[in-house]
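Colleague: Got a predicted structure here, sequence first:
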Amino acid sequence: MNNLIYMPIYLNEKLLLSIYPIVIDGYIESKSIKSTKDKSNSLKISKDCKHQHSNDHKVSNNNKDHNKTKDLSETTTDDSSGTLDDKHANKNELTIKKIYTKFYLFHDLRNTMINTNMLRHITELDIINNNIQSGEYVEFDSKITSESTCNGIINLINIIHEYDSKELDKLLKNTETQNSLTNYTIIERQLENFKKLLEMNDSDNIVMQFNKCKAVLNIDKKCFYSRNIYDNSNFSCKVLCKVLRCINNNDSICLLDKTGMQDYYKDYIKSLDPYLDILKENNIVIPENIITEITGPAIQVIPMGIYV
């Protein structure tokens, strides 16, 4: 199984580059080779030639006043000099860098973690029996579902906008909500602000079906290779991740934690029921109940990679 080449559809590069050096060697290799060649030739020619002739002639007649002296001197100098300088330089610089792709690093890291027993493949029985420790690295097979709080909120906003909130406000006449300060115009604004909180920082929760169990993945939308997360839904894929927690039947995982006001928004969504019922009574199709939590048995994880 380790020799299979998986294709990631989601890869968190920051986590990958942080964990890889710790598990492998402490660094990502880069090689550089430099070659230099230099040739220099120099030739110098010099010729010196000097000829000197001297002739002295002296006649003396013992007369101090009439001594005759003849001095003849001849000098010939021939000096030649030549220089030939030939320089030849050949400098080659070759730099070779070995750059590993994210896919290679991911496959190398996964195989190393398996071979060193740092990564464990889990099944639904491990979740049901609570045989999973927080903080361990696990791999499992599952399917991305379309369950999403943010998707439900976006669909409601679109419906109210398309029917025109002012026109929908007229439906509240002669109902139990006619004297309420809340109407569809207000609800549309509230939902817009709610949506901004859920989409903040490009983080989200996606829900994956794990046979009889579910997995909640805290993901970074930018790490998906497809711009639409749900292009990859409803087919089997593998997840390599770090476990945050594993819950049983009596517990749940809230999908509104990032708002910092999960209890308030749970109550707010419930408060919309009378207004949504009025829309249904007027043959306006709306989404099913907006999901706000996942009941156990389930796990919540931070994925490093999702791959097929």
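Modeller: Happy to help now that I have it. Numbering: from 1, shown residues only.

Colleague: right, and D251 touches I299 too?
Modeller: No. Contact criterion CB atoms under 8 Å: D251 and I299 do not qualify, at 11.3 Å. Just so you know, the C-beta spots here come from the backbone N, C-alpha and C atoms, and that holds for glycine as well.

Colleague: Tell me which of those two has more neighbours.
Modeller: Shown here are D251 and I299; by other CB atoms under 10 Å, I299 has more neighbours (29 against 14).

Colleague: Poorly predicted segments of the stretch 201-308 of the chain, please.
Modeller: Judged by pLDDT under 70, the stretch 201-308 of the chain has no weakly predicted residues.

Colleague: Run through the helices of it in chain order.
Modeller: Along the stretch 201-308 of the chain, counting by DSSP state H, counting those that start in this stretch, helices occupy 262-271, 273-281.

Colleague: which residues are in contact with the last one?
Modeller: The contact list for helix 273-281 (CB atoms under 8 Å, 6 or more residues apart in numbering) reads 159, 168, 171-172, 175-177, 182, 184, 187, 286.

Colleague: For these, which single residue is the most surrounded?
Modeller: Across those, neighbour numbers were computed from other CB under 10 Å; Y184 holds the maximum, 23 neighbours.

Colleague: residue ranges for the strands of this protein, please.
Modeller: Taking DSSP state E as the criterion, the chain contains strands spanning 8-11, 37-59, 68-90, 119-121, 137-144, 203-210, 213-220, 236-247, 252-254, 293-295, 298-307.

Colleague: Now do the fifth one against strand 298-307, angle only.
Modeller: In terms of direction (axes from the mean of the first three to the mean of the last three CA atoms, to 10 degrees), strand 137-144 departs from strand 298-307 by 90 degrees.

Colleague: what are the pairing partners of strand 137-144, and which direction each?
Modeller: Within its sheet, and counting by DSSP bridges, strand 137-144 is paired with strand 119-121 (parallel), strand 203-210 (antiparallel), strand 236-247 (antiparallel).

Colleague: Return the distance of the nearest residue to L125 once chain neighbours are set aside relative to T295.
Modeller: By the measure of CB to CB, 6 or more residues apart in numbering, the closest residue to L125 outside its immediate chain neighbours is N131, 7.5 Å from it. N131 sits 19 Å away from T295, going by CB to CB, to the nearest Å.

Colleague: still on that earlier bit, quick one: the helices of the stretch 201-308 of the chain as CSV, columns for distance to L198 and mean neighbour count too.
Modeller: Converted to CSV, the helices of the stretch 201-308 of the chain look like this (distance: least, CB to CB, whole Å; neighbours: other CB atoms under 10 Å):
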stretch, distance to L198, mean neighbour count
helix 262-271, 9, 14
helix 273-281, 19, 15
